[in-house]
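Colleague: here's a sequence, model it:
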Amino acid sequence: ARKLAEAIEMGKELLHTMAHCDFGLHAACSVLNSVATRFKTAAPGSSPLDEELLMFQALVQLLSSGLPWRAFQAWEGMLKRIFPEAADQQQARTRNAALRLAVREQLQMVGMPLTPALENKAVDLYDALIARTGVLAVGKPLSGKTTSLKALAAALTAQASLAGKSTGPEAANVQLTSLTPGSLSSEQLF
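Modeller: A predicted model of the protein is given here:
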């Protein structure tokens, strides 16, 4: 509630010179209605919704179409300072959306069926690789370990070629090399 009140106050200060923007109680009600609707329409048994993230998204969307670009950038910057964790989550979701699309394209190119499970495995693998130094893919035969790994590698390489760079984890030329761990000593392996 404090963060919403702070965002509304900052919005009033930013928008006081724009006659077409009536910001205040109406804006607060719109944001709260948007968040409440998302909670009401959430599927039973789905992962819990993050109230702060929903509030951040609703505040960004509130003025996304009615402001000049520079004013919108200022508005979004203020919201990122008020809701830093939500802004980080939003950025991660956006990144993952682009990665999911690239993974889907790679799976289609090799003729694999597009299943949410396979797509999720590739994105989960990416998240694990970002968070950890080493990752083991363990599972039953034909459960999609190799397919998700190859799709992720191809998707990252495709993103790198589209971006025209090969730096950073989001866009990297990936080269896969298979080896048998037992054929190397621990020093050679790591």
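Colleague: and Val174, helix, strand or coil?
Modeller: coil (DSSP: H, G, I helix; E, B strand; the rest coil).
Colleague: what sits against Lys150?
Modeller: For Lys150, the contact set (Cβ atoms under 8 Å, 6 or more residues apart in numbering) comprises Gln106, Val110, Leu176. (C-beta placed from N, C-alpha, C; glycine too.)
Colleague: now restrict those to buried residues only.
Modeller: By neighbour count, with 16 or more other Cβ atoms under 10 Å, these hold Gln106 as buried.
Colleague: hmm, who's touching stretch 75-84?
Modeller: 3, 6-7, 10-11, 14, 52-53, 55-56, 59-60, 63, 67, 87.
Colleague: ok, of those residues, which one's closest to Asp127?
Modeller: The closest of the contacts of stretch 75-84 to Asp127 turns out to be Leu53 (Cβ to Cβ; 16.9 Å).
Colleague: now do the helix or strand that contains that closest one: distance to the chain's middle.
Modeller: Secondary structure assigned from DSSP states H and E places Leu53 in helix 51-63. Mean-position distance between helix 51-63 and its chain equals 15 Å (Cα atoms, centre = their mean, to the nearest Å).
Colleague: angle of the helix or strand following that helix against helix 51-63?
Modeller: Following helix 51-63 in sequence order, the next helix or strand is helix 69-82 (DSSP H and E). Orientation of helix 69-82 against helix 51-63 (axes from the mean of the first three to the mean of the last three Cα atoms, to 10 degrees) gives an angle of 170 degrees.
Colleague: just the CA trace of helix 69-82, in PDB.
Modeller: What follows is helix 69-82, C-alpha atoms only, in PDB (Å, rounded to 0.1, in the frame of the first residue of the first chain):
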ATOM      1  CA  TRP A  69       7.900   8.600 -24.900                       C
ATOM      2  CA  ARG A  70      10.300  10.700 -22.700                       C
ATOM      3  CA  ALA A  71       7.600  11.100 -20.000                       C
ATOM      4  CA  PHE A  72       6.800   7.400 -20.100                       C
ATOM      5  CA  GLN A  73      10.500   6.600 -19.700                       C
ATOM      6  CA  ALA A  74      10.600   8.900 -16.600                       C
ATOM      7  CA  TRP A  75       7.500   7.200 -15.200                       C
ATOM      8  CA  GLU A  76       8.900   3.800 -15.800                       C
ATOM      9  CA  GLY A  77      12.200   4.800 -14.200                       C
ATOM     10  CA  MET A  78      10.400   6.000 -11.100                       C
ATOM     11  CA  LEU A  79       8.400   2.800 -10.800                       C
ATOM     12  CA  LYS A  80      11.600   0.800 -11.100                       C
ATOM     13  CA  ARG A  81      13.000   2.700  -8.100                       C
ATOM     14  CA  ILE A  82       9.900   2.100  -6.100                       C
END
